[in-house]
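K.L.:
the following block contains a protein sequence and its predicted model.
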Amino acid sequence: MRNDQIFVLLLVVLLPMSGCFDGGTAGVGEAEGAQDNGGENTPSTGTSTTVATPNLPPVISVETMGSLANVEGSDCTTTAFEIEVRHAMTDWDGSIISAGWDVNLDGVIDYPTNVSEGYMTVQIPMNTMVSRTANQGSTTYYEYEYREQSIVFGAQDDDGAWTSSEFIKLSKTISYTNTNTGVETSYLDLEPCHDFSDVTDYNFSITDHSDIASTGNADYLVEITRTNGQAGLDWSRVRIVFDGDNEGDEVCSVTGYRCKIVETTPLWEAGATITLQEAHNLHSGQRDAQVEVFIDNILVESLTLDLQ
């Protein structure tokens, strides 16, 4: 092979390798440049990361005091229930900006508060509550009717974190019915506002029943009609006394043992007539009988009848 050919071949082989020698030198220079004049390494510069502290939500504690109590509306009948409630709350790393009681579970605070600890009274409309009935008793069965509602307390801090209490279920017995007799006893105030501030303004008509008085034990004795007013009269305010010829004074009631009031409605409405029936032989027609009507323990009507 000729010398000029050998020289060209060497150039072809050595030229690509020339960058490796220059790069190696530059690399050493860069490494040396990372040292200061004294040969010590300088600190490297980089980006530091700050870890955010998690927000602590509010801490709350709640309870109810006592039981539901009746609340009267503008017509003097029970329209709602109320109960006293208590709360305590704090926020460890901020402040509470919104807190209170939601009494109908619509997600809106109905009774707000801005104090860290305290009491308040909340009301729950009866017509928004859940209705439930249940039977009790082994021989004499009673059907109980209840109204129920759950309430909840919530608090939000200035970082937007919410804390909610557990649901608190409230229950109120509003009535029970003896399923054997059909007699209902109510725990509500069903009587509208009174017609008269003076109960002696109530008027009644007392008449002899068409049945003939006998020596039997189930005679119908007297009919009594309310003749004035507009609002119904609660039976708890009424007391009727019958004095026949076989017994002394006997108090008549819906569940009376000797003298019963029949044909009643939940309230004694104006114009309504009730009947007194003996459950024992109270009167056999041997002499006159006396009937007295009391309201709030005040005598408002008295009549002596010749019951035959």
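P.N.:
Received the coordinates, thanks.
K.L.:
ok, and what's touching the one helix or strand residue 303 maps to?
P.N.:
Counting by DSSP states H and E, the element that carries residue 303 is strand 298-305. Strand 298-305 has contacts (Cβ atoms under 8 Å, 6 or more residues apart in numbering) with 199-200, 202-204, 206-208, 222, 288-294. Placement of C-beta: from N, CA and C, glycine included.
K.L.:
please pick the buried ones from those residues.
P.N.:
Taking 16 or more other Cβ atoms under 10 Å as the criterion, what is buried in the contacts of strand 298-305 is 199, 202, 204, 206, 208, 222, 289, 291-294.
K.L.:
pLDDT added to the residues you listed, as a markdown table?
P.N.:
Listed next are the buried ones among the contacts of strand 298-305 as a markdown table, based on pLDDT from 0 to 100:
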| residue | pLDDT |
| --- | --- |
| 199 | 93 |
| 202 | 95 |
| 204 | 95 |
| 206 | 94 |
| 208 | 90 |
| 222 | 91 |
| 289 | 87 |
| 291 | 93 |
| 292 | 94 |
| 293 | 95 |
| 294 | 94 |
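K.L.:
widest-spaced pair of those residues?
P.N.:
Pairwise distances across the buried ones among the contacts of strand 298-305 peak at 25.3 Å for 199 and 208 (criterion: Cβ to Cβ).
K.L.:
buried set for stretch 79-96?
P.N.:
Those would be 79-81, 83, 85, 87, 89, 91, 96, for stretch 79-96 by 16+ other Cβ under 10 Å.
K.L.:
quick one, helices of this protein?
P.N.:
Listed in chain order, the helices of the chain (DSSP state H) span 3-14, 18-33.
K.L.:
could you tell me the least trusted of the ones you listed?
P.N.:
When those are compared by mean pLDDT, helix 18-33 comes last with a mean of 44.
K.L.:
can you list the domain ranges for the chain.
P.N.:
59-186, 199-305 (automatic domain parsing).
K.L.:
so of these, which one's packed in deepest?
P.N.:
Neighbour counts (mean count of other Cβ atoms under 10 Å) averaged over each of those peak at domain 199-305, with a mean of 16.
K.L.:
gap between that one and the chain center?
P.N.:
40 Å (Cα atoms, centre = their mean, to the nearest Å).
K.L.:
can you check the distance spanned by it, start to finish?
P.N.:
Counting by Cα to Cα, to the nearest Å, you get 23 Å between the two ends of domain 199-305.
K.L.:
repeat that for stretch 275-287.
P.N.:
Using Cα to Cα, the two ends of stretch 275-287 sit 20 Å apart.
K.L.:
just the CA coordinates for stretch 58-65, please, in PDB.
P.N.:
C-alpha atoms of stretch 58-65 as PDB (Å, rounded to 0.1, in the frame of the first residue of the first chain):
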ATOM      1  CA  PRO A  58     -63.800  22.500  64.700                       C
ATOM      2  CA  VAL A  59     -64.400  20.300  67.800                       C
ATOM      3  CA  ILE A  60     -68.000  20.200  69.100                       C
ATOM      4  CA  SER A  61     -70.100  18.600  71.800                       C
ATOM      5  CA  VAL A  62     -73.900  18.700  72.000                       C
ATOM      6  CA  GLU A  63     -76.800  17.300  74.100                       C
ATOM      7  CA  THR A  64     -80.500  17.800  74.700                       C
ATOM      8  CA  MET A  65     -81.900  18.800  78.100                       C
END
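K.L.:
could you give the average pLDDT over that stretch?
P.N.:
pLDDT averaged over stretch 58-65 gives 98.
K.L.:
report pLDDT for residue 35.
P.N.:
48.
K.L.:
one more: the one 4 residues further on?
P.N.:
On pLDDT, residue 39 comes in at 53.
K.L.:
and what of residue 236?
P.N.:
As predicted, residue 236 sits at a pLDDT of 86.
K.L.:
kindly report the same for residue 159.
P.N.:
Looking at residue 159, the pLDDT reads 95.
K.L.:
the closest residue to it other than its chain neighbours: what's it in contact with?
P.N.:
Excluding the flanking residues, the one nearest residue 159 by Cβ to Cβ, 6 or more residues apart in numbering is residue 55, at 4.4 Å. By Cβ under 8 Å, 6+ apart, the residues touching residue 55 are 93-94, 157, 159, 161.
K.L.:
now, which of these sits nearest residue 237?
P.N.:
Of the contacts of residue 55, the one sitting nearest to residue 237 (Cβ to Cβ) turns out to be residue 157, at 53.3 Å.
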